[in-house]
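The following comprises the amino acid sequence and a computationally predicted model.
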Amino acid sequence: MDTEEKKVSADDNKTEHDVSFSQVSDVVTDWMLDFLFMSVCRNFKDGNREEFDKNMSSYEAISDGLPQNEKVLVCAFLGRVLHGNQLDVVFEEDCKVMPLMSASKIWNDLKESVKDEGLAKNMAILLFVQSVALCLEKGSNASHVIEWFEENLDFPSTLRVKLRTVVAQKDNYHSFIKSFSYSRLLETTQTFLDAFLQKNPCDYLFKAGTKAVQSSGKRDTLKVAGPKEEIQTAMKPTAEVGKESKRKLLSANISDLWAPESSKKSVVCLTRISKKASPNSDAMDTKKDKVPRRLRTKWTREEDQQLIAGVRRHGLGRWSHILLDFDFGERTGTMLKDRWRTLRKAHLV
């Protein structure tokens, strides 16, 4: 019996010496990134923004320093779409670039890998239309969005004309906008995601964890408290997997997107840069220094007169229409509403 145990121990030691710690670390890192990627996709499907952001932060921390690949772009794209209807969330240094505008830039790189040309084209249109629709809804400058798309992306002329017509009519409920709604954007993104996951399976660690939970006899908890032998039994397929060719998540052949000279694709930030981020984070402090904050400016007499004239022309509450008629700089519909309340309290209107 002792002889057999010594033989098993000798075989284990030989196996450990055959591979280096860095090799094992690379494999485990791949598994962890795959599991986090699957978690990000699941939280997107469920619409759980809080858990989505947590998993995205973990994914960014583990992938930091590694070459950016297609899954990194997908994560960045999902984050921008999920927060697409929030104007106070920023993903780029230019605070004027809304999440869906940033998503359009990333999709411009991702669409090359999409086999369904119809889906790729439809996604681009949805991002264009919803970016404009959000500005109309929130009372922001929609014309600025159209100009940005013209300068930065391949913006179809027919779509440009159609959107300019919608903006000119100042109709938040235009049939064209309704046909390319935000809910349809989420559904189309989910369709793309399902196809991507089918082509790039990343559920190995999830399956191994499921087997471990099942073998522990405690399926009501994710923590495995069973004996060591049970966990080893659950993880038994690992030895068989090692015989097959390893599909690496972060292959050395993938261009390093962090280096500008190595690729034309832009480097993307996974997690958002917003006022909701933790103020104690040194990393976020650095990002905040780069993001120019919108300074409060005093209302001038001319702006007050324009606001009063706008309310007389369009009626109370039609802030988005008033913004299109007069030049209020970077002021939003919410700012106009607050100023009107102030003027009423001061009995100036």
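Received, thanks. Numbers count the residues shown, from 1 in each chain.

Pull out the buried positions in the helix or strand in which Asn43 is found.
When secondary structure is defined by DSSP states H and E, Asn43 falls within helix 21-46. Of all the residues in helix 21-46, those buried under the rule 16 or more other C-beta atoms under 10 Å are 27, 30, 32-44. Where you see a C-beta, it was placed from the backbone N, CA and C, and this is true even at glycine.

Among the residues you listed, which one lies nearest to Arg313?
Ranked by distance to Arg313 (C-beta to C-beta), the buried residues of helix 21-46 are led by Phe44 at 42.4 Å.

which residues of the stretch 201-349 of the chain score low on pLDDT?
Low-confidence segments of the stretch 201-349 of the chain, defined by pLDDT under 70, span residues 217-267, 274-296.

could you pull out the helices for it?
The residue ranges that make up the helices of the stretch 201-349 of the chain, judged by DSSP state H, counting those that start in this stretch, are 204-216, 228-234, 237-241, 282-290, 301-314, 319-325, 333-345.

what does the stretch 51-200 of the chain give?
Along the stretch 51-200 of the chain, the segments classed as helices by DSSP H, counting those that start in this stretch run 70-82, 99-110, 117-138, 142-152, 157-169, 175-179, 182-199.

Quick one: closest of those to Phe328.
Phe328 sits nearest to helix 142-152 of all those, at 12.3 Å, using C-beta to C-beta.

Against which helices or strands is the closest one packed?
Contacts of helix 142-152 with other secondary structure elements, assessed using 3 or more C-beta pairs under 8 Å, 6 or more residues apart in numbering; DSSP states H and E, are made with helix 99-110, helix 117-138, helix 157-169, helix 319-325.

For it, the averaged confidence score.
Predicted confidence along helix 142-152 averages 89 (mean pLDDT).

quick revisit: how about the helices and strands packed on helix 142-152 in TSV, adding distance to Ala212 and mean neighbour count?
Written out in TSV, the entries for the helices and strands packed on helix 142-152 read as follows (distance: least, C-beta to C-beta, whole Å; neighbours: other C-beta atoms under 10 Å):
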stretch	distance to Ala212	mean neighbour count
helix 99-110	34	23
helix 117-138	37	21
helix 157-169	51	15
helix 319-325	54	21
